[in-house]
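Trainee: Fold the stuff below for me.
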Amino acid sequence: MPHFRFLAVLLASALVLASFGASAASPENTLYLDLKDGRVVIELRPDLAPKHVARVKQLVKEGFYNGLTFHRVIGGFMAQTGDPKGDGTGGSKYPDLPAEFSKASFKRGTVGAARGGNPNSANSQFFICFEATPHLDGQYTVWGQVIEGMQFADGIKKGQGANGEVANPDKIIKMQLASDAR
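Mentor: Numbering: from 1, shown residues only. Prediction:
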C-alpha cells in the first residue's frame, strides 16, 4: 500500500506542476504593456499567429509602441492602439501581414490585430477586448491574451460615439518583452 500512496502523491504533484507550466508564458513570449495605472501582462501566442507575434516583438524591440495613443476605445468592446498617426490610418514602416485566423475565441483580455477591410492589411495596430466578442472569431488574428493587469486595461480612457474616437487619449508608457525587462 505505501507504494500506491507514493505513486498517488507523485502523480498529483506532476499534475499540479503541469497545470502551472501550461499557463506560464516564457519570458520571450511575455509582453509588458505599461499604462498610466499599471502594468498589463500579455502572453504572446506564436502557436496561433507566428508572423504577427514576430512583428510585435520586432516593433517592441525598436520602441515603436512607446508613447502611442489608444485612439479608439469603445466601452464594453475594446481599446485600440499601435498607430503612429493616432487616427487609425497609420502603421509601421514594414509591409502589411497576411491574416492568421484561427479557432481561438475573442474573449475578455484577448489581443488581436486591427486591420482594414482587407483581411491581409494588419500591420502594427492591435486591440484588447474588454468583453467576449464572438463576432470577431475567425475574422481577425488573435496574437495574445492578457494574463495579468486587465483592470489597468479596463481603466483606459473611453471614446465617444459609435467609432470610439478618444479626445486627449491615454498612451502606452512603455512596451517591452519580459526577457528584455530591466
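
Trainee: Could I get the pLDDT score of the nearest residue to Gly155 once chain neighbours are set aside?
Mentor: The spatially closest residue to Gly155, leaving aside those adjacent along the chain, is Asp37, at 4.6 Å (Cβ to Cβ, 6 or more residues apart in numbering). C-beta: built from backbone N, CA, C; applies to glycine. You'll see Asp37 listed with a pLDDT of 97.

Trainee: which residues of the protein score low on pLDDT?
Mentor: For the chain, residues meeting the criterion pLDDT under 70 lie at 1-24.

Trainee: Could you tell me how far the residue nearest the centre of it is located from Thr30?
Mentor: Central residue of the chain (Cα atoms, centre = their mean): Val111, 3.3 Å from the mean position. Remark: distance between Val111 and Thr30 (Cβ to Cβ, to the nearest Å) = 12 Å.

Trainee: Overlap of the contact sets of these two?
Mentor: Residues touching both Val111 and Thr30 (Cβ atoms under 8 Å, 6 or more residues apart in numbering) are Ile42.

Trainee: how about the helices in this structure?
Mentor: In the chain, the helices defined using DSSP state H lie at 2-23, 50-62, 150-154.

Trainee: residues in contact with the residue nearest to the centre of the chain?
Mentor: Contacts of Val111 by Cβ under 8 Å, 6+ apart are 42, 126-129, 142-146.

Trainee: Rebuild these as JSON lines, extending it with neighbour count.
Mentor: JSON lines is the format used below for the contacts of Val111 (neighbours: other Cβ atoms under 10 Å):
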{"residue": "Ile42", "neighbour count": "27"}
{"residue": "Phe126", "neighbour count": "26"}
{"residue": "Phe127", "neighbour count": "24"}
{"residue": "Ile128", "neighbour count": "25"}
{"residue": "Cys129", "neighbour count": "24"}
{"residue": "Val142", "neighbour count": "25"}
{"residue": "Trp143", "neighbour count": "29"}
{"residue": "Gly144", "neighbour count": "27"}
{"residue": "Gln145", "neighbour count": "21"}
{"residue": "Val146", "neighbour count": "21"}
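
Trainee: Show me those residues that map onto strands.
Mentor: Members of the contacts of Val111 lying in strands (criterion: DSSP state E): 42, 126-129, 142-146.

Trainee: Could you measure from the closest residue in space to Ala54 that isn't next to it in sequence over to His52?
Mentor: Of all residues not flanking Ala54 in the chain, Pro46 sits nearest, at 7.5 Å (Cβ to Cβ, 6+ apart). Counting by Cβ to Cβ, the separation of Pro46 from His52 is 9 Å.

Trainee: if you count what's nearby, which of those two comes out ahead?
Mentor: Neighbours were counted for Pro46 and for His52 using other Cβ atoms under 10 Å; His52 has more, 26 against 16.

Trainee: Was I right to think the more buried one contacts Ser102?
Mentor: No. Contact between His52 and Ser102 fails when scored by Cβ atoms under 8 Å: they sit 10.6 Å apart.
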